[in-house]
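curious how this folds, go ahead:
(chains A, B, C, D, E, F, G, H, I, J, K and L)
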12 protein chains.
Amino acid sequence: MPDHVYRSIELTGSSRKGMEDAIQNAIARAAKTTPKLRWFEVVETRGHIEDDAVAHWQVTIKVGYHLDD
Amino acid sequence: MPDHVYRSIELTGSSRKGMEDAIQNAIARAAKTTPKLRWFEVVETRGHIEDDAVAHWQVTIKVGYHLDD
Amino acid sequence: MPDHVYRSIELTGSSRKGMEDAIQNAIARAAKTTPKLRWFEVVETRGHIEDDAVAHWQVTIKVGYHLDD
Amino acid sequence: MPDHVYRSIELTGSSRKGMEDAIQNAIARAAKTTPKLRWFEVVETRGHIEDDAVAHWQVTIKVGYHLDD
Amino acid sequence: MPDHVYRSIELTGSSRKGMEDAIQNAIARAAKTTPKLRWFEVVETRGHIEDDAVAHWQVTIKVGYHLDD
Amino acid sequence: MPDHVYRSIELTGSSRKGMEDAIQNAIARAAKTTPKLRWFEVVETRGHIEDDAVAHWQVTIKVGYHLDD
Amino acid sequence: MPDHVYRSIELTGSSRKGMEDAIQNAIARAAKTTPKLRWFEVVETRGHIEDDAVAHWQVTIKVGYHLDD
Amino acid sequence: MPDHVYRSIELTGSSRKGMEDAIQNAIARAAKTTPKLRWFEVVETRGHIEDDAVAHWQVTIKVGYHLDD
Amino acid sequence: MPDHVYRSIELTGSSRKGMEDAIQNAIARAAKTTPKLRWFEVVETRGHIEDDAVAHWQVTIKVGYHLDD
Amino acid sequence: MPDHVYRSIELTGSSRKGMEDAIQNAIARAAKTTPKLRWFEVVETRGHIEDDAVAHWQVTIKVGYHLDD
Amino acid sequence: MPDHVYRSIELTGSSRKGMEDAIQNAIARAAKTTPKLRWFEVVETRGHIEDDAVAHWQVTIKVGYHLDD
Amino acid sequence: MPDHVYRSIELTGSSRKGMEDAIQNAIARAAKTTPKLRWFEVVETRGHIEDDAVAHWQVTIKVGYHLDD
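Numbers count the residues shown, from 1 in each chain, chains lettered A, B, ... in the order given. As a prediction, the model looks like this:
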């Protein structure tokens, strides 16, 4: 069994619905160009406020994927 | 266009429902006395446990707002 | 009133549903063997990705409990 | 029971006597204008040296208080 | 000589000219309402990009001031 | 001489007297069930405030002990 | 309005003139191949010394840009 | 497939041979009493010096294991 | 002499042999598609455990390379 | 008035009495060979345990002093 | 080619002009007694405020130099 | 038994062979001028890459030694 190498990239997903949806949006967008996504890790959670409420949830994640040999 | 200055304050919101509701509670309370809230950033997520389950979600955030010129 | 001592342990809960459910799972499991759980603090939020979406949410928490005198 | 919101502010107390007295001084001064102080957390401990000994202990703390509904 | 207490607040100054000007802007604005500013510490340096160049420098600082006895 | 293995656990001691007493309380309690405690390291110092003064000092420490071979 | 996704990459710009020029150089170079750069954040500031003075200022930044839908 | 819960504990392994051997020693010792060890993460690398050379390598790791349902 | 710009990417190499081999594997894989690699920095060291011993060493590194002018 | 330059060095003081005495010991020892000590900052607080109580308090500090022109 | 060893020391330079001048002042002073300075890294940026403006910029750096064999 | 004071200095050792050899080189060089070295702690692990492989391992350590009374 060979020794694998992974790469991770940093993305910020945004959503009007909530934190988990922001993460799902970032992963779905990354998957369009990067196959074999394997894991993520939350780096930072922020948001924009409009009219005294959260308007956009913004979650920054590291996403890791497998590099082909 | 002038150069703006922002201030950020640290708040802990609490909720029986969940993390996002705790954040919304903190922002709604701050908005009563501080207009022009613009963004937030999660600093820490904690909670109290009662009867072997989360009783209160407590999320500490930094909230930024615009200082009038 | 005596001076209390608490201990905290580190757990990673996992869930297909979301972050809060992963935390609840970890607390429910810990409560089976450790009574008097009092608070938790989120240490890290990660997850596994399958088919371009989050398959498991994995949240690492510190959980504190009271040590009997 | 309503969901509470807390605010925390950062203070540096100073004392010729020691670290705990520096913290007590910061809390006593904050209490003059901010009622309902509830907890503190040490952020940094520093001091000034004169004649080869500590002349002032300076402890920076975050102090949290309850915001009325 | 009494033991002093200081408070620090967090501000983000912004400038089209550069990092030092962003800091000076934040301090000048804070001084309008808060006398006796004594020191600052850089927390974060960010900026907005327009047309492939820095359009606004944004420097977040903690600013400390003396609380009267 | 064999190669030793140590384990460290995280405790929060509490005291009305001060920071050092809170640490001593945590160590004394741990020693009831865990022999061979060897060192500690302060992780966090907090406290509860009542009547505008520190009511309880709470110090979180890591405590290390030797695991028998 | 759709939910946007951003990506950030890490660059180190270098300059004989100063810190701000090093940042501008990194952004200008990135813009050759990556359109829609939106913000940056300083990660680290270093430099090389020659003849007892700073010869090159080296500033590492994260640069964020918008991913097309 | 059920949702799993993991626990992690902190250990310091020591070795006269090197860093990897110190980690292996810590894991081997933990396995005597804790089955189902699954992963580790290096927290800190230290060592004792005797006669101007490293006498003991000391590596602190977090070790995670599966909690039975 | 022109002012250079570097980019760094984050990789996780894995090896059954040890930490240094995991780093070498990550660099060798990155070099297949990215010429002019110049430096690396260790970000995190982890591993998988099987049969009470380290089965895979996993080292996450940042790798920097020169961007052509 | 000229622009001053300061240097800081890292020391660990030890004491059987307590944390403040450990700091005072480190400063008193440094002052024997380094005049013009001006400030300190606590980096880490540890200790050795004997007979289920703290035997030595060990406080690591950075100490700053003025470099003559 | 032999394997080199470097040492780094921590300095705080101060300047009425700005951040880069504070760094240059620290390096120039260190070079009087320490030859072969090779690199620096910014650790902290602070300053004193007088009359509602920055009076002194204070930048703390680590400076590295080559130790002769 | 007197209360001891220790000092720690920061060194970067370099080696073509590996991480442990880089640490040993730094300690051996420091011991030429500083007797009574007692412990070290790894601060950072980096390296230079040549021809798609690690050419130099560079490990930065803090080394502590006893100051005579």
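
going by C-alpha atoms from here, please, whenever you check contacts or count neighbours.
OK.

which residues touch the spatially closest residue to A:Lys36 that is not a sequence neighbour?
Distances taken as CA to CA, 6 or more residues apart in numbering or on different chains place A:Tyr65 nearest to A:Lys36, at 5.5 Å, with adjacent residues excluded. If a contact means CA atoms under 8 Å, 6 or more residues apart in numbering or on different chains, then A:Tyr65 has A:6-8, A:34-39 as its contacts.

can you give me the helices for chain A?
A:19-31 (DSSP state H).

beta partners of A:Leu67?
According to DSSP bridges, the partner residues bridging A:Leu67 are A:Val5.

do A:Ala53 as well
Legend: beta-bridge partners of A:Ala53 under DSSP bridges are A:Glu50.

one more: A:Ile61?
Residues in beta-bridge contact with A:Ile61 (DSSP bridges): A:Leu11, A:Val42.

ok, it to chain E distance?
Here A:Ile61 is placed at a distance of 19 Å from chain E (CA to the nearest CA, to the nearest Å).

that older thread, most neighbours among the contacts of A:Tyr65, which one is it?
Looking at the contacts of A:Tyr65 with neighbours defined as other CA atoms under 10 Å in any protein chain shown, the largest count falls to A:Leu37 at 25 neighbours.

read off the pLDDT value for A:Pro2.
Model confidence at A:Pro2, given as pLDDT, is 52.

still on that earlier bit, dump the contacts of A:Tyr65 to a markdown table, plus pLDDT.
Compiled in a markdown table, the contacts of A:Tyr65 are given as follows (pLDDT from 0 to 100):
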| residue | pLDDT |
| --- | --- |
| A:Tyr6 | 96 |
| A:Arg7 | 97 |
| A:Ser8 | 97 |
| A:Thr34 | 93 |
| A:Pro35 | 87 |
| A:Lys36 | 91 |
| A:Leu37 | 96 |
| A:Arg38 | 96 |
| A:Trp39 | 97 |
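
which ones among the residues you listed map onto strands?
Judged by DSSP state E, strands contain the following of those: A:6-8, A:37-39.

adding distance to C:Asp51, write these out as CSV.
Compiled in CSV, the ones in strands among the contacts of A:Tyr65 are given as follows (distance: CA to CA, whole Å):
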residue, distance to C:Asp51
A:Tyr6, 17
A:Arg7, 18
A:Ser8, 17
A:Leu37, 8
A:Arg38, 9
A:Trp39, 11
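
shaky segments in chain A?
Chain A contains residues with pLDDT under 70 at A:1-2.

OK, now which residue of it is nearest to chain L?
The shortest separation between chain A and chain L is 15.1 Å, found at A:Val5 (distances taken as CA to the nearest CA).

for that residue, give me its contacts.
Counting by CA under 8 Å, 6+ apart, A:Val5 makes contact with A:66-68, I:11-14, I:25-26, I:29.

OK, now which residue of chain A is nearest to chain E?
The nearest approach of chain A to chain E comes at A:Glu44, 14.5 Å away (CA to the nearest CA).

so how far is L:Arg29 from that residue?
The gap separating A:Glu44 from L:Arg29 is 42 Å, by CA to CA, to the nearest Å.

of those two, give the one with the bigger neighbour count.
When neighbours are counted by other CA under 10 Å, L:Arg29 comes out ahead of the other of A:Glu44 and L:Arg29, with 19 against 14.

my guess is the more buried one contacts K:Asp69. True?
Yes - in terms of CA atoms under 8 Å, L:Arg29 counts as a neighbour of K:Asp69; the distance is 7.4 Å.

A:Ile9 against A:Gly64, yeah?
Yes - in this structure A:Ile9 lies within contact range of A:Gly64 using CA under 8 Å: 6.6 Å.

and these two? which has more neighbours close in?
Each of A:Ile9 and A:Gly64 has its neighbours counted (other CA under 10 Å); A:Gly64 has more, 22 against 18.

about what we covered before: now the contacts of A:Val5: which count as buried?
For the contacts of A:Val5, a neighbour count by 16 or more other CA atoms under 10 Å in any protein chain shown gives the buried set as A:66-67, I:11-14, I:25-26, I:29.

tabulate the residues you listed (TSV), appending distance to E:Gln58.
Converted to TSV, the buried ones among the contacts of A:Val5 look like this (distance: CA to CA, whole Å):
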residue	distance to E:Gln58
A:His66	36
A:Leu67	37
I:Leu11	30
I:Thr12	33
I:Gly13	36
I:Ser14	39
I:Asn25	40
I:Ala26	36
I:Arg29	38
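
now, the most widely separated pair of those residues?
Of all pairs drawn from the buried ones among the contacts of A:Val5, the widest gap by CA to CA lies between A:His66 and I:Asn25 and measures 13.4 Å.

so which of the ones in strands among the contacts of A:Tyr65 comes closest to chain K?
When the ones in strands among the contacts of A:Tyr65 are ranked by distance to chain K (CA to the nearest CA), A:Ser8 comes first, at 26.1 Å.

spatially nearest residue to that closest one, not counting backbone neighbours?
Excluding its sequence neighbours, the residue lying closest to A:Ser8 (CA to CA, 6+ apart) is A:Gly64, at 4.0 Å.

so that neighbour touches A:Val42, yeah?
No - the criterion here is CA under 8 Å, and A:Gly64 misses it with A:Val42 at 11.8 Å.

contact partners for A:Val54?
With contacts defined as CA under 8 Å, 6+ apart, the neighbours of A:Val54 are A:16, A:47-48, B:24, B:27.

how about a cut-off of 10 Å?
A:Val54 makes contact with A:16-18, A:46-48, B:20, B:23-24, B:27-28, B:37-40, according to CA atoms under 10 Å, 6 or more residues apart in numbering or on different chains.
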